[in-house]
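Engineer: I'd like to go over a predicted model; first the sequence, then the structure.
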Amino acid sequence: MRRALADAVVRTVLYADVFDYPLETSEIQRYLIGESASLAQVEDVLARDLPAALEVSGRHVHLRGRGAIVGIRARRTAASARLWARARRYARLAARLPLVRGVAISGALAMRNAEADGDVDLFVLAQPGRVWTCRLLLVVLVRLAEARGVCLCPNFILSADRLALARRDLFTAHEIVQMVPVELTPALDDFLHANEWTRAFLPNASPPIGAARRVDPPVSHVATAALSSRLFAPLERWERERKIRRLEDRHRREGGSVSFTEHECRGHFGAHDVRVPALVAARVAEIETATA
């Protein structure tokens with residue numbers, strides 16, 4: 001068990017290294033890959049049996065020879081703190097739009113690992129049957145934020161009746177457990193319950209389920225009811241067909257990992273969910289060669 005835990009610690013630090021993100025001991029325990037362990041057990045491994053692939057710099061653990069990323073993390077933490085207040089303000093505005101059932105900040109900013117000019121990635125749950133009308137409303141907010149120097153990026157919009165994700169891997173598990181809900185809503189609560197498969201990859205990282213639930217303001221509730229009526233079904237269909245054509249053209253030009261359907265708009269053109277596992281596999285091979 002001790003060897004398995006040490007190996008899991010190395011994998012966890014290695015995964016974070018792809019993002020130039022050294023980990024504190026408590027973070028290693030929270031994001032420990034594939035092993036359930038207490039903080040005391042992780043601390044014991046690091047204190048008594050530090051794996052050869054790792055080094056400790058102050059409060060941070062990183063791969064051997066990668067001490068420079070401690071400074072990178074410090075710089076990004078400061079940049080994220082400056083970005084966070086503005087990001088939360090616009091995320092809260094997004095959460096109050098008609099047809100929006102829940103919003104969480106995701107990506108680098110959720111881990112306080114964003115650059116000063118970084119995007120504010122949003123995960124959005126939408127009223128069933130109105131994913132693309134919801135996206136249209138969000139684009140208006142994106143333009144408003146852009147005019148004020150904030151790059152708001154709602155790159156994953158999901159219908160609130162299709163909560164269980166088909167893609168189940170370490171990258172997706174990380175994205176889910178590290179999301180920061182603007183506020184927990186019934187739909188976000190249900191989303192987290194529907195994706196508890198994340199525990200198979202990250203057994204110690206429990207997302208915040210069961211917090212206080214939001215009551216929509218009357219104006220938003222009335223607008224949602226109106227936009228959900230049959231009267232606006234042609235708008236939803238027109239916007240969906242129009243944007244899917246354009247987004248698929250962009251996908252052909254840029255590549256990436258995307259999904260554009262009636263129930264989902266996921267535009268990860270950077271394909272981090274493909275690139276990150278490949279980088280992790282390459283780092284594992286390097287470490288195994290070096291320690292062979």
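Structural biologist: Right, received. Where do you want to start?
Engineer: contacts, neighbours, all on C-alpha from now
Structural biologist: Noted.
Engineer: Domains of this protein: list them as residue ranges, please.
Structural biologist: 2-67, 83-273 (automatic domain parsing).
Engineer: For the closest residue to residue 265 other than its chain neighbours, grab the count of nearby residues.
Structural biologist: Once flanking residues are discounted, residue 265 sits nearest to residue 157: 5.1 Å by Cα to Cα, 6 or more residues apart in numbering. For residue 157, the tally of surrounding residues (other Cα atoms under 10 Å) stands at 25.
Engineer: hang on, residue 157 packs against residue 126?
Structural biologist: Yes - taking contacts as Cα atoms under 8 Å, residue 157 lies within contact range of residue 126: 6.6 Å.
Engineer: Strands along the protein, start to end?
Structural biologist: 23-24, 54-57, 60-63, 100-106, 120-126, 152-159, 180-181, 257-260, 264-268 (DSSP state E).
Engineer: just the angle between the longest one and strand 100-106, please?
Structural biologist: Angle of strand 152-159 versus strand 100-106, following axes from the mean of the first three to the mean of the last three Cα atoms, to 10 degrees, is 130 degrees.
Engineer: can you list contacts of strand 152-159?
Structural biologist: 87, 90, 119-131, 135, 138, 142, 145-146, 263-268 (Cα atoms under 8 Å, 6 or more residues apart in numbering).
Engineer: Need the buried ones from these selected in PyMOL.
Structural biologist: A single PyMOL command selects the buried members of those (16 or more other Cα atoms under 10 Å):
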select buried, resi 87+90+119+120+121+122+123+124+125+126+127+128+129+130+131+135+138+142+145+263+264+265+266+267+268
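Engineer: for this protein, longest helix please?
Structural biologist: helix 69-95 (DSSP state H).
Engineer: what's it packed up against?
Structural biologist: Packing partners of helix 69-95 (3 or more Cα pairs under 8 Å, 6 or more residues apart in numbering; DSSP states H and E): strand 100-106, helix 131-147.
Engineer: what about the stretch 1-150 of the chain, any weak spots by pLDDT?
Structural biologist: Along the stretch 1-150 of the chain, the model assigns pLDDT under 70 to residues 1.
Engineer: same question, the stretch 151-292 of the chain
Structural biologist: 207-220, 269-275, 284, 288-292.
Engineer: if you set the cut-off to 80 instead, what comes out?
Structural biologist: Residue ranges of the stretch 151-292 of the chain with pLDDT under 80: 184, 206-221, 255-257, 268-292.
Engineer: quick one, helices of it?
Structural biologist: 170-177, 186-194, 218-227, 233-254, 272-291 (DSSP state H, counting those that start in this stretch).
Engineer: Out of those helices, which is closest to residue 115?
Structural biologist: Closest approach to residue 115 among the helices of the stretch 151-292 of the chain is made by helix 272-291 (16.6 Å; Cα to Cα).
Engineer: hey, which of the helices and strands packed on helix 69-95 is tucked in deepest?
Structural biologist: For these, the largest average neighbour count (mean count of other Cα atoms under 10 Å) is found in strand 100-106, namely a mean of 27.
Engineer: and the angle for that one with helix 69-95?
Structural biologist: 170 degrees.
Engineer: Give me the distance from strand 100-106 to the chain's centre.
Structural biologist: 11 Å (Cα atoms, centre = their mean, to the nearest Å).
Engineer: How about stretch 164-181?
Structural biologist: 7 Å.
Engineer: tell me which residues of that stretch are tucked away?
Structural biologist: So, applying 16+ other Cα under 10 Å, buried residues of stretch 164-181: 164, 170-171, 173-181.
Engineer: any idea which of these is closest to residue 74?
Structural biologist: Of the buried residues of stretch 164-181, the one sitting nearest to residue 74 (Cα to Cα) turns out to be residue 178, at 18.9 Å.
Engineer: mind checking the backbone torsions on the closest one?
Structural biologist: Note on residue 178: its backbone torsions stand at phi -100, psi 0 [degrees, to the nearest 10].
Engineer: That one touches residue 106, doesn't it?
Structural biologist: Yes - here residue 178 reaches residue 106: they are 7.0 Å apart, a contact under Cα under 8 Å.
Engineer: re the thing from before, would TSV of the domains of the chain with distance to residue 280 be doable?
Structural biologist: TSV is the format used below for the domains of the chain (distance: least, Cα to Cα, whole Å):
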stretch	distance to residue 280
domain 2-67	6
domain 83-273	11
